[in-house]
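K.L.:
Only the shape, not the letters, is given here:
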């Protein structure tokens, strides 16, 4: 009974009981990006987070989800042929991704930064004129794909990105779109 | 001093190549391969090559592989590096855009420490991220973070700038606090070159000098201007300059690159490189004038 109380209590985390959140660990960051999109489309409350220190390997992320929906999560992934390494309950604090954006006006251009990635657009044409920052190898590749294209016609960085830098660029790109929609 | 630049090219079909680099017809040339100079390691290597020529040093070497973020290329490069480390008798290394991977980082670092005679180790971009995450940051001679990356180095639990905690988010007015915090947690190299509105040259938690002019705001938006700075610094190190002086002159030269090119945020780093020779002369003059005021 106490077990159930812990699961369904909003304060279960504070009480130190069983966690109500789970994490899905993947082989590769690109799978995280794809899985997040699929699980959101399925109506699940999922968030991309940094893994606990004991399972960090390098440029990695996990997906946090409500543990009660584990079956739906695993089925959705299975249908889409995504095989996670493991699905476990959260026992430790996960790292929160950066959620603040830095926006700078540069004359005829607008630059948005998310974490370590920046995207710059010409305000009159909405053409992406530059991508800067970052350190993972998909950044130069994504920049080639984006620079010179119109903001609303360019491929989403998340669709081709592989790393946390790619995901940061996607966040900057989404924020830029939000601001340019007027 | 001989120097090896280690990084990636954004093309999964690009093979592992090792050799001297040159700049021909606006492209980076290595072996029979030509690479576009847009940003990332090709921009760093091209800038280092042109700057080394200005300093009458020999061309740097590069170890490059194709990788668009999947990591296979980087792992192939890491494995090759560890296997052939005894052949890599360079005086210094600049590690750059590589997939962060703690296991392979440690293999590379330990191989260098075991087989080579204490080369100068510079890390930037993805390899700086993983050097910090590995806990071996203090084994490096120089990191070249921007302010955002400096706050990441200051956050002892963040494995990547994406997870830098909110209370440490980029704030130019708190750079010295970030520097101290990074050193106190052993998450900094022996020297830091912190790039920002004001550049900080640091050794062992002590700010040796700063550079804040000339300042061209468009440079922040241009992809590859951090890479060009690390390239210029690498060239000064190749020429025998001490790390603090190489960083100071590099910071000045990169700023003059912007001043002389007068770019908009739509410029590419390749558009700036024709001004590199003059920028380095201006940097040397400004530095000399500052050292010998009338």
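P.N.:
Here it is on my side, so go on. Here the structure is a predicted model, which is why all the values come from computation and not from measurement.

K.L.:
What is the burial count for the residue of chain A found nearest chain B?
P.N.:
In chain A, the residue that lies nearest chain B is residue A:138 (2.5 Å; CB to the nearest CB). Every residue, glycine included, has its C-beta placed from N, CA and C. Neighbourhood size, residue A:138 [other CB atoms under 10 Å in any protein chain shown]: 32.

K.L.:
Please apply the same query to residue B:216.
P.N.:
Counted with other CB under 10 Å, residues neighbouring residue B:216 total 19.

K.L.:
what do you get for residue B:196?
P.N.:
17.

K.L.:
okay, residue A:18: pLDDT?
P.N.:
Here the pLDDT value assigned to residue A:18 is 42.

K.L.:
what's near enough to touch the closest residue to residue A:51 other than its chain neighbours?
P.N.:
Counting by CB to CB, 6 or more residues apart in numbering or on different chains, residue A:62 is the residue found nearest to residue A:51 once chain neighbours are left out, at 4.7 Å. Counting by CB atoms under 8 Å, 6 or more residues apart in numbering or on different chains, residue A:62 makes contact with A:23-26, A:32, A:48-51, A:55, A:94.

K.L.:
Switch those over to JSON lines, and while doing so, append secondary structure to every line.
P.N.:
Converted to JSON lines, those look like this (DSSP: H, G, I helix; E, B strand; the rest coil):
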{"residue": "A:23", "secondary structure": "strand"}
{"residue": "A:24", "secondary structure": "strand"}
{"residue": "A:25", "secondary structure": "strand"}
{"residue": "A:26", "secondary structure": "coil"}
{"residue": "A:32", "secondary structure": "helix"}
{"residue": "A:48", "secondary structure": "strand"}
{"residue": "A:49", "secondary structure": "strand"}
{"residue": "A:50", "secondary structure": "strand"}
{"residue": "A:51", "secondary structure": "coil"}
{"residue": "A:55", "secondary structure": "helix"}
{"residue": "A:94", "secondary structure": "coil"}
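
K.L.:
So which residue is smack in the middle of chain A?
P.N.:
In chain A, the C-alpha closest to the average C-alpha coordinate belongs to residue A:48, at a distance of 4.7 Å (CA atoms, centre = their mean).

K.L.:
pretty sure the residue of chain A closest to chain B contacts residue A:164?
P.N.:
No: under the criterion of CB atoms under 8 Å, residue A:138 makes no contact with residue A:164, lying 9.7 Å away.

K.L.:
before we move on, the earlier item: who's in contact with the residue nearest to the centre of chain A?
P.N.:
By CB under 8 Å, 6+ apart, the contact set of residue A:48 is A:32, A:36, A:61-64, A:97, A:167.

K.L.:
next one: residue B:33
P.N.:
With contacts taken as CB under 8 Å, 6+ apart, residue B:33 has the following neighbours: B:14, B:17.

K.L.:
With the one 5 residues further on instead?
P.N.:
Counting by CB under 8 Å, 6+ apart, residue B:38 makes contact with A:140, A:143-144, B:223-224, B:268-270.

K.L.:
Just the closest of those to residue A:157, please.
P.N.:
Among those, residue A:143 lies closest to residue A:157 (CB to CB), at 9.7 Å.

K.L.:
Excluding chain neighbours, give the residue nearest to the closest one in space.
P.N.:
Computed as CB to CB, 6+ apart, the closest residue to residue A:143 that is not its neighbour in sequence is residue A:131, at 3.9 Å.

K.L.:
can you check residue B:119 too?
P.N.:
Among residues not flanking residue B:119 along the chain, residue B:92 sits closest, at 5.4 Å (CB to CB, 6+ apart).

K.L.:
try residue B:73
P.N.:
Residue nearest to residue B:73 in three dimensions, not counting chain neighbours: residue B:67, with 3.1 Å by CB to CB, 6+ apart.

K.L.:
Hmm, residue B:118 and the residue nearest to residue B:119 touching each other?
P.N.:
No: the criterion here is CB under 8 Å, and residue B:92 misses it with residue B:118 at 10.4 Å.

K.L.:
which one of those two has more residues nearby?
P.N.:
Regarding residue B:92 and residue B:118, a neighbour count based on other CB under 10 Å identifies residue B:92 as having more, with 19 against 9.
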